[in-house]
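Participant: Mind looking at a prediction? Sequence and model below.
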Amino acid sequence: MATQIPTAPAEPPRTLRAGELGTPHYRRLFGAGREVTIHWLTFLVTAALVLAPVVPILYQSVRDQPLYAAGGAFTLSNYVHLFTEAEFGTIILNTLYFAALTTVFALLIAVPMAILLERTRFPAARLIGQILRWPIYISPLVLGFGWIVVYGPAGFLSTTLRESMGWVPWNLYSMPGMAFVEAVAQVPVAYLFCANALAASDTSLENAARTVGAGPMRILRSIVVPMLRPPVLYAGLLIFGTAVETLSIPLILGEPAGVTLFSSFLYEQGIDAVSPDYGLLGAASTLILVSTVGLVVLQSRLLKHAQRFVSVRGKATRSHLLDIGGWKWAGFAFVGLYILFGVLLPMIALIMRAFTSLLTPLVNPLDLLTLDNFRLIFSYAPYTESIVNSVTVAFVGAVVVTLFGTVVVLVARRSDFRLARLLETAAQSPHAVPGLIIGIGFFWAFAWMPGGDAIRGTILALIIAFGVRALPSAYGAVSPATMQLGGELDNAARVAGADWWRTVSRILVRLLLPAMLASFLLIWATMIREYAPAMFLAGSEAQVIGTTAIDLWTQGETGSVAALATIQIAVTAVVAGLAGLLLKGGKENNHA
């Protein structure tokens, strides 16, 4: 009888954990050449795109000659000149005042609206909530034009009041007027932050207060409002930073009033100057860059302890809307006034101006109907090209940035790349860089790098600059969806023999298609209204709608500006509607 030799029981196959995807065992099985190449290539391209507009600005600020000129020496005289001869101190104070006023106005409008629509029994709350999101798709530049058509010195409503009352109670061409127009454009941002926080929060604290006799107003004052501190703080800092860097309102309202802010100073020193002082421009750009980065750092530090305000727990409770009695009609009037006079009336007036030779209450607009404003746009090739360029840049840019942003997310979130955390930081950092700074930086980068002159002034330059500006949006749209996908999918594919790239391209990317479509829509809306980087980068054949509108505005062609704005609104509405239908269809298919 043969002797049985005892053997150890066979170990069951072990599932690879996320941290083991790059272990020597896995690499021996499947190889890592393509994986490592893709990871490092993604990181290097991201780092190059992020640093390309920043490094030239920092370098130019300490040089006494333009970057493209031979020679030059290290100097700090640019900073000295900035604060002594250029009156930059006054500009800083003006900018801070403008940003603070904008933030206060926006929060005073947005926070009450979010509370009313999300926490009280409010008439038509869902419909109004959707309407409040619409201005996100409208450029502040377009909204500013609409406000001038209605509330400017020669505006429709201003003329009406002047004829009937003899005076006008507002002045757009003042610091409060500028700040209020900018605030109206930023209200949807603050509203979304607060409304989303309220919609996701647990109402158990409110229910507890109700059981001990607290009334609706007491609950709002003592519980709901304090719980909004994190989103209010986040939105406030975001709006403040946006107001510091914005160009549209300071340009169309500030310049005629002789008010100079950060952004308009850069415009005057760079675009309007006959012989630009590039050292001065670099020093000013550096200070603006440092200030915006500082705001982002401050934002992250202040929100570090936001967990104290978390009210979303594992156990769900039924939302109980508060009945504030007759106050809801006062709130309805408040929200209605913002929608009617802040957004709808300026947009309607702007569209009416596009189809009339003159918009005035003294003459019936139906007697002044004309298509001449659109004929001027479509009969002059550069104006038509600007529309085509904007659509091309927005479409191509949205596709490219969405695809690249998805790869960045997958490398940063679903791989063992050793610099994944740094890659994530790099992809999100451009949101701290103003659009005008990105334009100036790439202008010098293309002038500095070999062969860069062939790119500068072309649509490709705009796609690169706009794309860098939009990269954080793509990352923010795709990353949450990626985190919701379980790691079991990766493990199963890799155990079956698929390498990292085959896993993400055949499985994860297909599951991320709805998030990618949302990213496309978001980036499209961002790029179609973007224009600040193009102020420095666009050549004569690479103008976009925003730069053309500013040129026409300086020439006094109000009707043509309104026609361009109307075309931009129409194109954005069509794309947003189609994308919305696709998103809805994708969700229905997923549920099915």
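Facilitator: On my side now, so go ahead. Since the model is a prediction, treat every value here as computed from it, not as a measurement.

Participant: Check what pLDDT residue 135 gets.
Facilitator: In this model, residue 135 is scored at 77, pLDDT.

Participant: What count of nearby residues applies to it?
Facilitator: 22 (other Cβ atoms under 10 Å). Where C-beta positions appear, they are placed from N, C-alpha and C, glycine not excepted.

Participant: Quickly note the distance from it to residue 569.
Facilitator: Remark: distance between residue 135 and residue 569 (Cβ to Cβ, to the nearest Å) = 11 Å.

Participant: now do residue 262
Facilitator: Counting by Cβ to Cβ, the separation of residue 262 from residue 569 is 28 Å.

Participant: More neighbours: those two, which one.
Facilitator: Ranked by neighbour count (other Cβ under 10 Å), residue 262 and residue 569 place residue 262 first, with 30 against 21.

Participant: Provide the secondary structure category for the nearest residue to the more buried one once chain neighbours are set aside.
Facilitator: Excluding its sequence neighbours, the residue lying closest to residue 262 (Cβ to Cβ, 6 or more residues apart in numbering) is residue 95, at 4.6 Å. With DSSP: H, G, I helix; E, B strand; the rest coil as the basis, residue 95 sits in helix.

Participant: Which residues lie in contact with residue 95 in this structure?
Facilitator: Residues in contact with residue 95, defined by Cβ atoms under 8 Å, 6 or more residues apart in numbering, are 244, 261, 262.

Participant: ok, these vs residue 146, which is closest?
Facilitator: Checking these against residue 146 with Cβ to Cβ, the nearest one is residue 261 at 20.9 Å.

Participant: Counting by contacts, list what the helix or strand where residue 191 lies packs against.
Facilitator: In the assignment (DSSP states H and E), residue 191 maps to helix 175-200. Judged by 3 or more Cβ pairs under 8 Å, 6 or more residues apart in numbering; DSSP states H and E, the packing partners of helix 175-200 are helix 88-119, helix 125-133, helix 140-151, helix 229-245, helix 248-249.

Participant: Pull out the buried positions in it.
Facilitator: Within helix 175-200, the residues that qualify as buried are 175, 177-195, 197-198, counting by 16 or more other Cβ atoms under 10 Å.

Participant: what's around the closest residue to residue 410 other than its chain neighbours, how many residues?
Facilitator: Leaving aside its chain neighbours, residue 410 sits nearest to residue 504 (4.8 Å; criterion: Cβ to Cβ, 6+ apart). Neighbour count of residue 504, defined by other Cβ under 10 Å: 26.

Participant: So that it lines up with my notes, have the first residue be 416 from now on.
Facilitator: That works, and once the first residue is 416, the last one we named lands at residue 919.

Participant: circling back: what's the spacing between the residue nearest to residue 677 and residue 496?
Facilitator: Residue 510 is 19 Å from residue 496, by Cβ to Cβ.

Participant: Repeat that for residue 746.
Facilitator: 52 Å.

Participant: In terms of neighbours, single out the busier of those two.
Facilitator: With neighbours defined as other Cβ under 10 Å, residue 746 and residue 496 compare such that residue 746 has more, 19 against 16.

Participant: Name the nearest residue to that one, sequence neighbours excluded.
Facilitator: residue 531 (4.4 Å).

Participant: what sits against the one you found?
Facilitator: Neighbouring residues of residue 531 by Cβ under 8 Å, 6+ apart: 537, 540, 743, 746, 749, 750.

Participant: repeat that for 7 Å
Facilitator: Residue 531 makes contact with 537, 746, 750 under the criterion Cβ atoms under 7 Å, 6 or more residues apart in numbering.

Participant: ditto for residue 986
Facilitator: The contact partners of residue 986, taken as Cβ under 7 Å, 6+ apart, are 806, 943.

Participant: now it, what's its secondary structure?
Facilitator: The local conformation at residue 986, judged by three-state DSSP, is helix.

Participant: Which pLDDT value belongs to it?
Facilitator: In this prediction, residue 986 has a pLDDT value of 86.

Participant: Show me the residue sitting in the middle of the protein in space.
Facilitator: Among the residues of the chain, the one closest to the centroid is residue 941, at 6.3 Å (Cα atoms, centre = their mean).

Participant: Quickly find the element holding the closest residue in space to residue 828 that isn't next to it in sequence.
Facilitator: Leaving out its chain neighbours, the residue that sits closest to residue 828 by Cβ to Cβ, 6+ apart is residue 897, at 5.1 Å. Assigned by DSSP H and E, residue 897 belongs to helix 874-898.
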